[in-house]
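**Q** Coordinates only, no sequence provided:
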């Protein structure tokens, strides 16, 4: 007998889980919110902005743009946003079809997400050269936005970027996911599940082939943006060797490894990720390698390991 469903097409068990999660206090409720209709899709932006310190202008502070991974939402970026908000404006985006947003009429390519994001940034009056931070699939969206306009941003962080071409078969990705999940914080896993069930039925399945096929190496090639790639030692989805491959064609890029992190590093390591973002900016402004600023040790050319 087929499982009964609610009006949205979700099985009733999933609908009950979603209802239970929605009753919990959402940290995004503390942030301002705006939904924009672009190309017949809806993208949502949450904003966290604090007053500039005395003697400095708000316009002189950077804008940090945070982009989530497949099936997830901006909610898990809130701890990172809290750390960054003392230093600039923070925008946390929910991409079309995710985080309870309507399912688009057709599957979106990574290039579609990047184009929609760029138009949303323009609509929100984001000044030139924001700091782009993408996690997992979100790192692909960041790279595609930069590939379409290499001069748009001077700084970018790719957190657990995907996907190694040798792992593009679904069976391989699934196995890597299991290997990484063993090391994840159970609370992060619950947060991910809560995000998955908010997606419209079939949307993750529609999007996954686009993630698997995205030519990350080719689109990164020669970008002038200063890029920091951050990975977890226990991340089998985005391996250290794969991350090193990504920076081969880039000038001034680096790989930073968090020894106690797996793929879902954003919540548990928010303070350290914020330090990387701030150091990334200061490197360009003040010179030097900034090693002391993030309590790290150099592990080879363009490669840094946290201690």
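**A** Received, thanks. Only a predicted model underlies this, so the values are computations on that prediction, with no experimental measurement involved. Residues are numbered from 1 along each chain as shown.

**Q** which of the residues in stretch 146-161 are buried?
**A** Within stretch 146-161, the residues that qualify as buried are 146, 147, 152, 153, 154, 155, 156, 157, 158, 159, 160, 161, counting by 16 or more other C-beta atoms under 10 Å. Where C-beta positions appear, they are placed from N, C-alpha and C, glycine not excepted.

**Q** Among those residues, name the ones in strands.
**A** Counting by DSSP state E, the buried residues of stretch 146-161 place 155, 156, 157, 158, 159 in strands.

**Q** which one is the last one nearest to, not counting chain neighbours?
**A** Pointing back at residue 159 there. Counting by C-beta to C-beta, 6 or more residues apart in numbering, residue 159 lies nearest to residue 135, which is 4.2 Å off, once chain neighbours are set aside.

**Q** Phi first, then psi, for that neighbour.
**A** When read as degrees, to the nearest 10, the backbone of residue 135 gives phi -110, psi 130.

**Q** okay but it is in contact with residue 65, surely?
**A** No. Applying C-beta atoms under 8 Å, one finds residue 135 not in contact with residue 65, separated by 12.0 Å.

**Q** What separation is there between residue 65 and residue 166?
**A** Residue 65 sits 30 Å away from residue 166, going by C-beta to C-beta, to the nearest Å.

**Q** try residue 248
**A** Distance of residue 248 to residue 166, given as C-beta to C-beta: 16 Å.

**Q** Could you do residue 202 as well?
**A** In terms of C-beta to C-beta, residue 202 sits 27 Å off from residue 166.

**Q** Same question for residue 106.
**A** Residue 106 is 29 Å from residue 166, by C-beta to C-beta.

**Q** does the closest residue to residue 156 other than its chain neighbours count as helix, strand or coil?
**A** Excluding its sequence neighbours, the residue lying closest to residue 156 (C-beta to C-beta, 6+ apart) is residue 132, at 4.4 Å. Following DSSP: H, G, I helix; E, B strand; the rest coil, we place residue 132 in the strand state.

**Q** Report how many residues lie close to residue 132.
**A** 28 (other C-beta atoms under 10 Å).
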